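Undergrad: heads up, no residue letters with this:
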């Protein structure tokens, strides 16, 4: 296996909940609650889970865009949670993020050239005006936009084009690692494949490593080498993409997969479906033991007593956190 | 027979007057649906699928107007009805559920009160009986602990439960037609599966005709007997779901099916994207509206707009397939 670029150990990101007139802290939303993950150089790790499971917070915690509560994040062997401002600033150049909503994440008063130029200026990546303009043109070219568009404003672009600008901005610092946080879910269906193909092409061309966060398992399966499944702040299963989809072991993964509709009427109507009961457990007060047990169709008394560790289940690199995994 | 269908739209044109000009949101849509049937309408944002639904319900925004065509429901022509008569049909004989239950439930009333409202208004039942019926409906749509949930305000329910409450409200008068506009788009997949399962069950048990509006082709594949594909306010393809999915006869449907990642495909299997952007509805191209993005376009496509005609087992609005060319791949 390739060298690990990122290693996450025991990562926790809790958000305090305040209430009452004096705003006392009355509890914590345990958005990320003890996660271990490794992302290898050049791979795409897909991260899936339902809304509120902590997947976006995990992505942002790895970049220190939100400050984790506990744990370690190693980037090329260095624990970046220990770094002070100067050191972190140097590391920031090597990491970037692409957001879900290209409408909200671009400043409407800046031209595309300014949006891209800003990242170059902050990190002093170009020294001359000509060099700056050249680099902006180059970035636009990388994402399939004409360099003539540098003087335009975000509102003059369609959703798909705006997401291309968001990607160009992420590429401006020449990062090694990019967190793609639901990069296509806000786009029209007919545009999504353009952006997926672009991200795959850029990965190959620039040797990028991705953490690809999405709720759409079909998209994640398509783009990922390995996939991690999150449920209420925990990773419950992690595996090479093909193996996870062929043979899910955690009951939550099994039910997620069976819930994804497949655009083939004959296949779709003959599929066996696991319909879960109830709603996602609360991250404010997660159930004891396994957090999925309140909705699980295989739960036994033991599941409430202690939390199952993430253990190797299938051969090789496939792990699941379940006492009674699927066959 | 003229009135044999439950609902029949004939050549419906709906326009929106905007500052930029007149937008033809629905441009000559004809469709029918019968009791017990589930009809899917697929398309992207701006394709006219929601405007078609709002035209049927006569719930168009202030800037919208049906300028041509007729909508028959049972034995009545809806455009002939007064607003009061239409009000009596909405909620009783036809109901609509929306994508976002938070904005369509009133935050200041208890959910049970709102779900029982159609009964109080249309059947003049007392509030006690309306709440009892609402509790029963909550049970039917799978809201746990129904007796206490009817006393809760919308914000106290989860997204999935609010959507169930909306469905319960839609069903309170046992309508013969249910229009569901992206009913699961805002929900997580496991909750989506629960809601679709519920809609399937209602359709089977009560024979409720359902129009399901969605951009998700997988949802259509699992739910719908027939499907209509819309692009730029027009129907571009229409047929039995199996036919449209197994051999699409419009290049837009064909391209869409090839551009989406599928769970049953291998990782990294290449996708064929649709080039270009969705159409600018105020400045539509001449000829076929999909022609600027179409991999099969011929010279005629940019000059004349094709009609929706029979191609093999379905209807398609395409010069290329109408001339007998098979879409390869």
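TA: Now that the structure is in, tell me what you want to look at. As the structure is a prediction and not an experimental result, all values here were calculated from the model.
Undergrad: all strands of the chain, in order?
TA: If you meant another chain, say so; for now it's chain A. A:4-19, A:24-40, A:44-48, A:70-75, A:78-79, A:95-98, A:177-181, A:209-214, A:226-231, A:234-240, A:311-312, A:319-320 (DSSP state E).
Undergrad: Hmm, no, I was thinking of chain B.
TA: B:7-18, B:21-33, B:38-42, B:64-73, B:76-77, B:94-97, B:177-181, B:209-214, B:226-231, B:234-240, B:309-311, B:314-316.
Undergrad: closest point of chain A to chain B, which residue?
TA: Proximity of chain A to chain B (C-beta to the nearest C-beta) peaks at residue A:261, 2.8 Å away. The C-beta positions use only the backbone N, C-alpha and C, and glycine is treated the same way.
Undergrad: Excluding sequence neighbours, find me the nearest residue to that residue.
TA: Nearest in space to residue A:261, with sequence neighbours left out and distances taken as C-beta to C-beta, 6 or more residues apart in numbering or on different chains, is residue B:218 at 2.8 Å.
Undergrad: Identify the residues contacting residue 224.
TA: All of this refers to chain A. Under the criterion of C-beta atoms under 8 Å, 6 or more residues apart in numbering or on different chains, the neighbours of residue A:224 are A:44, A:45, A:46, A:212, A:241, B:267.
Undergrad: Wait, chain B was what I had in mind.
TA: B:38, B:39, B:40, B:212, B:241.
Undergrad: what separates it from residue B:203, distance-wise?
TA: Noted for residue B:224: a distance of 10 Å to residue B:203, by C-beta to C-beta, to the nearest Å.
Undergrad: Mutual contacts of the two, please.
TA: residue B:38.
Undergrad: Number of residues surrounding the nearest residue to residue B:95 once chain neighbours are set aside?
TA: Nearest residue to residue B:95 in three dimensions, chain neighbours excluded: residue B:170, at 3.8 Å (C-beta to C-beta, 6+ apart). Neighbourhood size, residue B:170 [other C-beta atoms under 10 Å in any protein chain shown]: 25.
Undergrad: from the contacts of residue A:224, which is closest to residue A:12?
TA: Relative to residue A:12, the closest of the contacts of residue A:224 is residue A:45; by C-beta to C-beta it sits at 19.4 Å.
Undergrad: That closest one and residue A:220 touch, don't they?
TA: No. Residue A:45 is beyond contact range of residue A:220, at 9.7 Å (criterion: C-beta atoms under 8 Å).
Undergrad: any shared contact partners between these two?
TA: Common neighbours of residue A:45 and residue A:220, using C-beta under 8 Å, 6+ apart, are A:212, A:227.
Undergrad: is the residue nearest the centre of chain A in a bridge, and if so with what?
TA: Centroid check for chain A by C-alpha atoms, centre = their mean gives residue A:213 as the closest residue, at 2.8 Å. Per DSSP bridges, the residues bridged to residue A:213 are residue A:47, residue A:181.
Undergrad: Which residue ranges of the stretch 201-327 of chain A form helices?
TA: Ranges of helices in the stretch 201-327 of chain A, per DSSP state H, counting those that start in this stretch, are A:217-223, A:241-246, A:251-259, A:265-270, A:301-305.
Undergrad: cool, the stretch 101-250 of chain B as well?
TA: Assigned by DSSP H, counting those that start in this stretch, the helices in the stretch 101-250 of chain B fall at B:101-104, B:111-122, B:127-140, B:146-149, B:159-171, B:189-206, B:217-223, B:241-246.
Undergrad: Next, format those helices as CSV and append mean pLDDT.
TA: Formatted as CSV, the helices of the stretch 101-250 of chain B follow (pLDDT from 0 to 100):
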stretch, mean pLDDT
helix B:101-104, 72
helix B:111-122, 90
helix B:127-140, 91
helix B:146-149, 89
helix B:159-171, 85
helix B:189-206, 87
helix B:217-223, 95
helix B:241-246, 97
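Undergrad: Counting neighbours, which of the contacts of residue A:224 comes out on top?
TA: Comparing the contacts of residue A:224 by number of neighbours (other C-beta under 10 Å), residue A:212 comes first, having 28 neighbours.
Undergrad: Roughly how far does it sit from residue B:256?
TA: Counting by C-beta to C-beta - residue A:212 and residue B:256 are separated by 22 Å.
Undergrad: Repeat that for residue B:170.
TA: Separation of residue B:170 from residue B:256 (C-beta to C-beta): 29 Å.
Undergrad: what do you get for residue B:284?
TA: Taken as C-beta to C-beta, the span from residue B:284 to residue B:256 is 19 Å.
Undergrad: More neighbours: the two, which one.
TA: residue B:256 (23 against 17).
Undergrad: who are the neighbours in contact with that one?
TA: Residue B:256 is in contact with A:189, A:190, B:217, B:229, B:274, counting by C-beta under 8 Å, 6+ apart.
Undergrad: The same query, at a cut-off of 10 Å, please.
TA: Residues in contact with residue B:256 (C-beta atoms under 10 Å, 6 or more residues apart in numbering or on different chains) are A:189-190, A:193, A:263, B:42-44, B:215, B:217, B:229, B:231, B:248, B:250, B:274.
Undergrad: Which one of the residues you listed sits in the busiest neighbourhood?
TA: residue B:250 (31 neighbours).
Undergrad: Hmm, that one is touching residue B:243, no?
TA: No. Counting by C-beta atoms under 10 Å, residue B:250 sits too far from residue B:243 to count as a contact (12.0 Å).
Undergrad: and the stretch 101-250 of chain A, which residues reach chain B?
TA: Within the stretch 101-250 of chain A, the positions near chain B by C-beta under 10 Å from any C-beta of the partner chain are A:157-161, A:184, A:187-198, A:200, A:215-227, A:240-242, A:244-246.
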